[in-house]
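**Q** Predicted coordinates and the sequence they were generated for:
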Amino acid sequence: MRFGLKTGAALVAALICLVLGPVRAEAAPDRAAIVNGLCQGGPGLSQAADQLLTGLPGATPDDLAWANRVVGAFAHRQLLCSGDGRGYLASGAAGLDAATLAPVALPADATAPFPSLRARIVLERMEAALALVSPVAPSATLAAIGTLQQHNDSVPPALVSMAIARSHDAQVTKALRRFGVLQGLHAPDTAQRIAAIHDLSRDTTSDALGQLRSLRTDPGYAADPAVAAALDQGIAHVQTWVHVGNVLALLYNGLSAGSILFMSAIGLAVIFGLMGVINLAQGELIMIGAYTAYCVQQVVRAVAPAYISLYPILAIPVVFLVTAAIGIIIEATVIRHLYRRPLMTLLATWGISLLLINLVRVGFGPQNLEFITPSYLTGGVSVVGDFFVTWNHLAAIIFAVLAFLGTLALLRLTSLGLFIRGVTQNRDMAGCIGVSARRIDMLAFGFGAGLAGLAGLAVAPIYNVNPSMGADFIIDSFMVVVLGGVGSLVGTAIAAFGIGLVNVGIEPFYGAVAAKVIALLLIIAIIQWRPEGLIAIKGRR
Amino acid sequence: MSGLLNAGRDRAARPVTGLLLLVLVLAPVLGLHAIPGLGLSIYGINLVGQVMCFALLAMALDLMWGGAGVLSLGHGLFFAFGGYLAAMHLLKTAYAQTHVLPDFLQFMGQGAFPGFWWPFGSASLSVLAIILLPGLLAFVFGYVSFRSRVNGVYFSIITQALTYTAMLLMFRNETGFGGNNGMTGFNTIAGLPIGGTKAAVLLTMLSTAAVLVVLVGGRAMLATRFGRMLTAIRDDEARLRFLGYDTLWLKLAAWCLSAVIAAVAGALYVPQVGIINPTLLDPSLSIEVAVWVAVGGRGGLCGAVIGAVLVNTLKFWMSAAAPTVWPFVLALLVLLVVLVLPNGLMDLSNRSRAWMADLTKSDAPGAKNARRLS
Amino acid sequence: MPLIKRRSLLAGAAAALAAPAIVRPAWAADTVKVGCLFSSSGTMANLEGRLNYITQMAADEINASGGVLGRQIEVVTTNPNSDWPTYAQLGRQLLQEQKVAALFGCWTSVARKSVLPVVEQNDGLLFYPLHFEGDENSKNIVYLNSPPASSVLPAVDYLMSGDGVSAKRFFMLGTDYVWPRTINKILKGYWKSKGIPESAWQEQYVPFGFSNFQSMVNQIRSFASQGGGQPIVVLTVVGSSIADFLREYSNQGIQPTDLPVLGLDMVEADLEGLNTASLVGNLNCWAYLQNAPGPRNQKFLADWAAYVQKSGAPYSPHVAIDPMVSTYDGVHIWANAAKKAGSFDVPEVRAAFAGLQFPDPSGYTLKMTAANNYVSRGVFIGSINANQGFDVLWQSKGTPTPVPYSPYG
């Protein structure tokens, strides 16, 4: 064990604890003790952190530079510790004593301790405290304040006032002042406490709710009726917003699940809904879309690595055109012979899907593809309560909305859309007035295939991309199209978001599988009741 | 529309029946090594038995598809249902001998078999359950669907979704049937140790006999008035309804019969492979069954047997010899059949194009227009 | 390579001379077949596919040093297509038709459970390379990896200790099948025995191949915010779901320092393609980690890289995972046992397992006893680093004796 407590080191630590017990607020950080604590690990680490934090307000710029250097070295496993609990920094062939920065010879047994999870938690606190008072970017200071708020009690008030004095950024100063108020949570003064409670209540997360509740149940803390009243008020306030956040989260999750469903179904809404072709290879077109996106990514990485984060945007037209072309090939070679035999189309497209899966497997291998997620698609932002908006899902929602509007516009506003609707409604009549039904079939199928490809692009950052991924989408997307009403794009959208919402709504209670089972049974029941779907197109089909 | 039993299919029927009889006789001879130096391993006998179960399943599908023009993509559901019921019986028997509870009940915290398992301790009640329960499920689903006039591709898609739903349901351990693991650890069937030569021979013979009975009986049935009504439904259900026939009950009867045959196939299949789990409910298996029938040729049940035997033998052979090539072969086979031989291998023996066009048109809702125009 | 050829010729000649004494007529060819039951397509392909290659690599290694009992090992690979009944089907074929002397195969417990009756009926030998739920002890299966008592419990103990994070609350998220269910059942029994109340844990299961963890991670976040002590996630999802979970976890901004994840099935290969910077500190536990210290591991990694180069295997030459090493160990253990028994017959090979030792790439010396077909292995707890790998956070002093049946189940 690397962190085994060496007896000698433990004794030293105990001595230091005795001597430094009540640390004076303005004392400079005790360098030797901090290094020793870092090297010791275990409880020594927390002591080192406490010492650093209490020592920081009295620190000189030199102390700060030293602390940054040593803590940084520890984080990157460059702080070497010897058996006697002393720390060293490697500097060329020789070493520096970590406490004094004086050049010394490295002892033979000096190794870098591995920061365990507990060490990481302490490390985070130390780094945040240092970021508070060191000249770093405002965003880093704000992040540091967020981290420190979780360890409210261990941050000396002097450190916050010092940080406020040093701050040049209005936003940072504001956050710091708030943090200062929050620190009054355990202050003896009632007014300070109430101010802190009010401030804590502004943070409408269930974390804050838990904190407030545990304070409320602490009889010693809530003894003062004014404090208790403030707590009750705070709890009520936070609770309301947590509820609001939960509802919003449900809607958002439903919306994002629905948008994935919609994207995987929109191509089918054209191919099956409008043209009446049972395309069981639809899932594979989605898969090919994802693989094309991957190829675009690889090309961008090879040709212009600097613009790699833009590849999803570049991929949109490429993916659409490639999958549309493959769709057109499928239509021209197989589907066109089968328009009057829908059940045969079903078998033929199943054969095509088998072919595509295995071609891709032979070409790319069975493993999942690695996608670079651009920075603008990672992470997210906390909105209210526990409602957290993740960028990748937001992007999927926006993408779905754009695809919906684009498809609707193409079908309703362009002459191609007019022809497609005409041919699918009555191909003989359309042929009579001079529309080339053959060409329109091909274009419509290509368009549907291209939309499926775009779905592949949309799901690539969220789902695993491998040759057999298409199977996950096919039944869901058929259900969406049939439920929405064949031939109705709006119906498809309503069905997708409805199913998404039902799924997400049931999931917390019965689990993901039961949610899907219930949703599917519901759809089957609805179709029995309304065989033509939610939104039935009037007229001849 | 020419007569149902045309010359082409009759030509295939006799050799197929003969071959099946031969298998029935040869299975015990070769399996039990009655003639020294001439015999099949258990593995070989077992394969024959499995292929026979698939042939039975294919015939069940053909009865609906070739017979009444209704393509079910959910026959895996009934196949698996029968399989699960058989497995429940086998587990009960195994428990009576070993007194060890199946592990899926153990890790779900159950101390004993749930109460509703009691009929499966008895062989005759189990057989009854294998026939009645899938039949009942088929009846309920069929009644609701056919009454709402869910037809053509919609019916296919909904049956597929139903199978998929059942698969998801059975994958859950909470459902209580072994979840993903399914059921395994069978001990004996009819007193014979499962996996042994005798059991393999017995099951193969049973499966072959079932194929023969369904083939001969089914063809006879299709030739009756009931069979001709089914054909009429396939060709133009609306017209039949106008003529005053209640097609609902006709379709429902065929549908339930088809489901029961599929369930029996599943019940025979499970003791031969020694495991049942929800992968049998994978929609792609159900589609594959339709492929067997399409390859062999629809209608008349012979094609179904030929297709199932051919594709499965090829599959067993190739997935061992050239596993990466097999999916390509299957895919190309499907495309070949669909584009060049629309009624499967039956087309090779029977090239009466007019009949074929008639048959293939009839399953398309849009085809009615076409026919009226042409 | 004339040298090797000559050497194997010599070995072959020696074996031919010795043949009447040791080789049964049934094995009277100059090769001995072993079978592989690992999928190269379907959901498990990315993980299992590697094991086909590693079996071949180990066999090549043994063949280059003269084979076993004068015979060259011939590896018969199959593709069960991630379909559990097919494992049984192909297993039967390998044993009955190909007459293989041993099987190496299966990743999930489902697959093992489906092959189990086949190897028992045919008295075959299946070497199973995954850590699993225990509660099974067949004479026809060699359990190359650890049952929960010697792999999962040490890791959970570590997290509950002060050295870890003093974990008090547990969110168990698993794929819905026997392994996660049994592991969680054992864990619950273990926590109960420590007096932890039932309110301190929550259990959720997802289907195989589940990928959208958005609302699951939401649930975990709300579980974590309920207070009552440090929460951790015990993750027993398998296959591609692992990467999907981790992606959503870091997407929603959860820090390992706030809510660590112990991924019991998480291996180096699952991190390929993930940005692990925000996952640093999450844990796994196995009997081998790629960063295991020691020259034997260095050699193994170099051999694998060279083998990938040579064979054109579609896998990264720089990633090695526990089941690869376990399979590699399995081939060697089988070969050593056959040498010791002087026969390829299963009963004799099985009898030779008792007292067998094998120094494997993990740095530990594997041991087998007459008590069962389990193998004693070392235990590693790994911590995700920023380079899509695991650093060794803790490793056991020796190789704990495996306990097939957990007292907490």
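**A** All right, it came through fine. Numbers count the residues shown, from 1 in each chain, chains lettered A, B, ... in the order given.

**Q** Lowest-scoring secondary structure element of chain C by mean pLDDT?
**A** helix C:2-22 (a mean of 41; mean pLDDT, DSSP states H and E).

**Q** Next SSE downstream of that helix?
**A** Using DSSP states H and E, the helix or strand that follows helix C:2-22 towards the C-terminus is strand C:31-37.

**Q** Report all helices and strands that that following strand contacts.
**A** helix C:45-64, strand C:72-77, helix C:84-96, strand C:102-105, helix C:322-341 (3 or more CB pairs under 8 Å, 6 or more residues apart in numbering or on different chains; DSSP states H and E). Backbone N, C-alpha and C define where each C-beta goes, glycine included.

**Q** Identify all contacting residues around the third one.
**A** This means helix C:84-96. With contact meaning CB atoms under 8 Å, 6 or more residues apart in numbering or on different chains, helix C:84-96 is reached by B:41-43, B:46, B:180-182, B:273-277, B:279-280, B:319-320, C:35, C:37, C:76, C:78, C:80, C:100, C:103, C:105-106, C:108, C:110-111, C:113-115, C:117-119, C:122, C:124, C:126.

**Q** Which residues of the stretch 1-150 of chain C lie near chain A?
**A** By the rule CB under 8 Å from any CB of the partner chain, the part of the stretch 1-150 of chain C lying against chain A is C:40-43, C:45-46, C:49.

**Q** now those in JSON lines, with neighbour count?
**A** JSON lines is the format used below for these (neighbours: other CB atoms under 10 Å in any protein chain shown):
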{"residue": "C:S40", "neighbour count": "26"}
{"residue": "C:S41", "neighbour count": "23"}
{"residue": "C:G42", "neighbour count": "21"}
{"residue": "C:T43", "neighbour count": "22"}
{"residue": "C:A45", "neighbour count": "25"}
{"residue": "C:N46", "neighbour count": "24"}
{"residue": "C:G49", "neighbour count": "22"}
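
**Q** Let me have these in TSV, adding distance to A:L402 and pLDDT as columns.
**A** As requested, the residues of the stretch 1-150 of chain C next to chain A are exported to TSV (distance: CB to CB, whole Å; pLDDT from 0 to 100):
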residue	distance to A:L402	pLDDT
C:S40	39	83
C:S41	35	76
C:G42	34	73
C:T43	32	73
C:A45	35	80
C:N46	33	79
C:G49	38	90
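
**Q** that older thread, can you tell me which of the helices and strands packed on strand C:31-37 is packed in deepest?
**A** Greatest average neighbour count among these goes to strand C:102-105 (a mean of 30), per mean count of other CB atoms under 10 Å in any protein chain shown.

**Q** Just want the residue of the stretch 1-150 of chain C that's nearest chain A.
**A** Closest to chain A within the stretch 1-150 of chain C is C:A45: 3.7 Å, counting by CB to the nearest CB.

**Q** Can you give me the distance of the closest residue to chain B within chain A to chain C?
**A** Relative to chain B, the nearest point of chain A is A:G351 (3.2 Å; CB to the nearest CB). Using CB to the nearest CB, to the nearest Å, A:G351 is found at 17 Å from chain C.

**Q** re earlier: would you format the helices and strands packed on strand C:31-37 as CSV with distance to B:V51 included?
**A** Putting those into CSV (distance: least, CB to CB, whole Å) gives the following:
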stretch, distance to B:V51
helix C:45-64, 27
strand C:72-77, 23
helix C:84-96, 12
strand C:102-105, 25
helix C:322-341, 33
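
**Q** contacting residues for A:A129?
**A** Contacts of A:A129 (CB under 8 Å, 6+ apart): A:49, A:52-53, A:56, A:144, A:148, A:155, A:159.

**Q** From those residues, which shows the smallest pLDDT?
**A** Least confident by pLDDT among the contacts of A:A129: that is A:V155, with 79.

**Q** Pretty sure it sits against A:L53.
**A** Yes - assessed by CB atoms under 8 Å, A:V155 is found in contact with A:L53 at 6.3 Å.

**Q** Find out how far stretch C:278-287 is from the centre of the chain, if you would.
**A** 17 Å (CA atoms, centre = their mean, to the nearest Å).

**Q** Thanks a lot, catch you later.
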